[in-house]
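**Student:** would you be able to build a 3D model of this:
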Amino acid sequence: MTLQKSNGLFTSKLSLIVFILYIWLFVNQGILVTASQNSNNTYEYNTVTVVLFTEVLKLIISSCLYLKSHSIVDYGMEILRYKEILLLYFVPAFLYCLYNNLSFTNLSSFDPTTYYLLLQLRVVITGILFQFIFSKTLTKIQWISLIILTCGCMLKQMDFSGIQEIGASDKFSSIGMSINTIYLFVQILCSCFAGVYNEYLLKKQGANVDIYIQNVFMYLDSIVCNLFLLSMFGNISGAFEFTSMKEIFHFKVLIVILNNACIGIVTSFFLKTMNSILKTFASALELILTAISSWILFGIPIYLNTFLSICTVLFAVYLYSKNPVSNIPKPSQEENIAKEPLLAEEV
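**Tutor:** Just a heads-up that it's a prediction; the model follows:
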């Protein structure tokens with residue numbers, strides 16, 4: 001089955017609002033995480049604990065949104081009724097757990113603009129996974145736009161001025177840079193698999209499950225995964241000692257947690273009302289805002305390669321907008337969704 005051109009990128013005002021919020025929150029996240037670093041581009045707080053607190057906050061928000069129009073009995077019954085879906089959510093939950101933790105590591109090695117540009121390499125992988133999981137074939141124009149987008153990301157790593165643009169990462173040796181490049185590649189793979197599989201659960205396997213309950217499943221599983229990481233790679237008891245908690249409750253860190261929690265909620269709306277292909281292009285649009293914000297706030301210059309890369313990415317987005325992917329739920333599912341407020345999503 002070949003995807004045909006839809007009536008437009010956005011099927012409703014809600015999808016447009018979600019699209020804008022998604023971009024704005026992700027731009028904020030890169031800036032906020034960078035601002036929370038010390039002068040050595042490291043963190044004085046436990047990043048795994050921050051991700052864990054973020055998942056707890058997402059769980060509380062999603063639960064409150066569901067309980068706003070349902071009873072606590074309904075809440076418990078829905079979880080028991082769809083316990084198989086709860087188990088399936090361990091797959092994207094674990095991948096998002098790795099993604100969120102690696103984002104702190106990689107943002108300490110790359111400036112925000114470079115970080116988000118390199119992340120756009122995930123678009124081709126997402127396209128392949130999208131075709132496989134949803135049994136839909138992207139058109140030639142859609143594939144061309146994905147390839148152009150990838151080329152735009154590659155332009156960022158080319159030096160046209162003879163000035164080395166490495167930024168925060170210049171303090172790493174060649175071996176260190178190789179390790180950080182591997183970390184970024186792993187993060188890209190996590191993003192691709194988690195995003196497409198999460199969309200599959202939202203629209204296929206768990207299409208009849210309330211979106212807030214699906215978020216509860218995601219965040220419950222994410223909490224378990226983060227506790228597992230703490231036990232495997234850190235001191236799980238030490239992470240909650242007074243000295244560690246004191247750093248977590250610093251104003252800058254709390255803003256990072258709140259913004260990241262909002263990203264999770266908005267992402268679920270995004271995948272429910274739109275699709276993972278458009279999600280990658282929304283991420284690409286973050287580039288220009290991130291580049292400008294990084295220049296203003298951190299003095300990170302915009303070189304010729306950055307400018308050309310952003311222009312190429314924006315052209316790819318424009319080309320894609322002429323023939324976007326359509327992967328909305330079936331009518332019966334939409335009617336079911338319309339009965340209740342829409343929801344949330346990992347990163």
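
**Student:** setting the sequence-adjacent residues aside, check what's closest to Leu98.
**Tutor:** Once flanking residues are discounted, Leu98 sits nearest to Cys190: 4.9 Å by Cβ to Cβ, 6 or more residues apart in numbering. All C-beta atoms are positioned from the backbone trio N, CA, C, and that covers glycine.

**Student:** how close does that neighbour get to Tyr183?
**Tutor:** 11 Å (Cβ to Cβ, to the nearest Å).

**Student:** shared neighbours, these two?
**Tutor:** Residues touching both Cys190 and Tyr183 (Cβ atoms under 8 Å, 6 or more residues apart in numbering): Leu102.

**Student:** of those two, who's got more company?
**Tutor:** Cys190 (24 against 17; other Cβ atoms under 10 Å).

**Student:** what distance do you get for Ile147 to Leu308?
**Tutor:** From Ile147 to Leu308 the distance is 16 Å (Cβ to Cβ).

**Student:** let me redo that: Leu102
**Tutor:** Counting by Cβ to Cβ, the gap from Leu102 to Leu308 is 27 Å.

**Student:** tell me where the stretch 1-150 of the chain has strands.
**Tutor:** For the stretch 1-150 of the chain, applying DSSP state E, counting those that start in this stretch gives no strands.

**Student:** any idea how far Thr126 is from Leu314?
**Tutor:** Taking Cβ to Cβ, one finds Thr126 at 19 Å from Leu314.

**Student:** of the two, who's got more company?
**Tutor:** The neighbour comparison of Thr126 against Leu314 (other Cβ under 10 Å) goes to Thr126, with 23 against 16.

**Student:** pLDDT value on that one, please?
**Tutor:** Per-residue confidence (pLDDT) for Thr126: 73.

**Student:** that one and Gly195 touch, don't they?
**Tutor:** Yes - Thr126 is within contact range of Gly195, at 6.5 Å (criterion: Cβ atoms under 8 Å).

**Student:** and the strand or helix carrying Gly195, what does it pack against?
**Tutor:** Using DSSP states H and E, Gly195 maps to helix 174-200. For helix 174-200, the packing partners by 3 or more Cβ pairs under 8 Å, 6 or more residues apart in numbering; DSSP states H and E come out as helix 90-107, helix 112-119, helix 122-134, helix 251-273, helix 276-298.

**Student:** let's see 10 Å
**Tutor:** Applying 3 or more Cβ pairs under 10 Å, 6 or more residues apart in numbering; DSSP states H and E, we find helix 174-200 packed against helix 90-107, helix 112-119, helix 122-134, helix 211-233, helix 251-273, helix 276-298.
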